[in-house]
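[1] I would like the atomic coordinates for the input below:
(2 chains)
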Amino acid sequence: GAVVSQHPSWVICKSGTSVKIECRSLDFQATTMFWYRQFPKQSLMLMATSNEGSKATYEQGVEKDKFLINHASLTLSTLTVTSAHPEDSSFYICSATPGTGQETQYFGPGTRLLVL
Amino acid sequence: QQQVKQSPQSLIVQKGGISIINCAYENTAFDYFPWYQQFPGKGPALLIAIRPDVSEKKEGRFTISFNKSAKQFSLHIMDSQPGDSATYFCAASMTGGADGLTFGKGTHLIIQP
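    Here you go, the predicted structure:
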């Protein structure tokens, strides 16, 4: 149980294009989903928190107009990197929690983004 | 300001030995402390977690020791195996999980056969 999937697992795009990453909770409803970013051999940094049906809350320093997050249902959140540039190349990982009071975060397998 | 400090950065342990990774936090509002294991190219997987009202928690070969007054917690891996070779992250969060996790910088663990 508690499986989170991400799609795609890796993506290569040209500079200036937009890329959408999906995060799905497969066997539970996720009232809250989180998006993290991880550079090679570094730690995970929280980018934003999204709750179903409401606007995402972004961490300080994360551009909300560049990283668009939509949490349209209890099982799906999407991260769109708009006008991607090489410095956006990274490993993007989502996590989900089953509900209020449930602090365990289940992580997806991650999406490797390479912007050329 | 790094709110969760993790050490060591890397660790080599002989098979069958005990691996110990330490973390210290600054924010006393943190009330949930999980440990995650990550293999290259994969997402983190939850190993074990603890709340501040407990000083120790054990699950199989993994034990968390928690010292609230010192604001420190540690992961002990007993009978370490080559398959335990991975990067381990400690983390902390507030408000019962409604907030995102603040991660330590990670420990690259190598278990030598």
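[2] could you tell me which residues of chain A lie near chain B?
    By Cβ under 8 Å from any Cβ of the partner chain, the residues of chain A that approach chain B are A:4, A:6, A:32, A:34, A:36, A:42-46, A:49, A:59, A:93, A:95, A:97, A:100-110, A:112. All C-beta spots, glycine's among them, are computed from the backbone N, C-alpha and C.
[3] so which of those are in strands?
    A:4, A:6, A:32, A:34, A:36, A:44-46, A:49, A:93, A:95, A:97, A:106-107, A:112 (DSSP state E).
[4] list buried residues within these.
    Listed as buried from these are A:4, A:6, A:32, A:34, A:36, A:44-46, A:49, A:93, A:95, A:97, A:106-107; burial here means 16 or more other Cβ atoms under 10 Å in any protein chain shown.
[5] residue contacts, the residue of chain B most remote from its centre?
    Distance from the C-alpha centroid of chain B peaks at residue B:113, with 22.6 Å (Cα atoms, centre = their mean). Residue B:113 makes contacts with B:15, B:82, as judged by Cβ atoms under 8 Å, 6 or more residues apart in numbering or on different chains.
[6] swap in residue A:81?
    Contacts of residue A:81 (Cβ under 8 Å, 6+ apart): A:18, A:19, A:21, A:66, A:67, A:88, A:92, A:113.
[7] got the residues you listed as JSON lines, with neighbour count, pLDDT and secondary structure columns?
    Output for the contacts of residue A:81, formatted as JSON lines (neighbours: other Cβ atoms under 10 Å in any protein chain shown; pLDDT from 0 to 100; DSSP: H, G, I helix; E, B strand; the rest coil):
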{"residue": "A:18", "neighbour count": "12", "pLDDT": "97", "secondary structure": "coil"}
{"residue": "A:19", "neighbour count": "18", "pLDDT": "97", "secondary structure": "strand"}
{"residue": "A:21", "neighbour count": "23", "pLDDT": "97", "secondary structure": "strand"}
{"residue": "A:66", "neighbour count": "15", "pLDDT": "96", "secondary structure": "coil"}
{"residue": "A:67", "neighbour count": "19", "pLDDT": "96", "secondary structure": "strand"}
{"residue": "A:88", "neighbour count": "19", "pLDDT": "96", "secondary structure": "helix"}
{"residue": "A:92", "neighbour count": "23", "pLDDT": "97", "secondary structure": "strand"}
{"residue": "A:113", "neighbour count": "21", "pLDDT": "97", "secondary structure": "strand"}
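[8] do you know how far residue A:103 is from residue A:17?
    Residue A:103 is 37 Å from residue A:17, where distance means Cβ to Cβ, to the nearest Å.
[9] report the central residue of chain A.
    residue A:35 (3.6 Å).
[10] I'd like to know how many residues surround the one residue in chain A that gets nearest to chain B.
    In chain A, no residue comes nearer to chain B than residue A:103, which is 2.5 Å away by Cβ to the nearest Cβ. When neighbours are defined as other Cβ atoms under 10 Å in any protein chain shown, residue A:103 has 20 of them.
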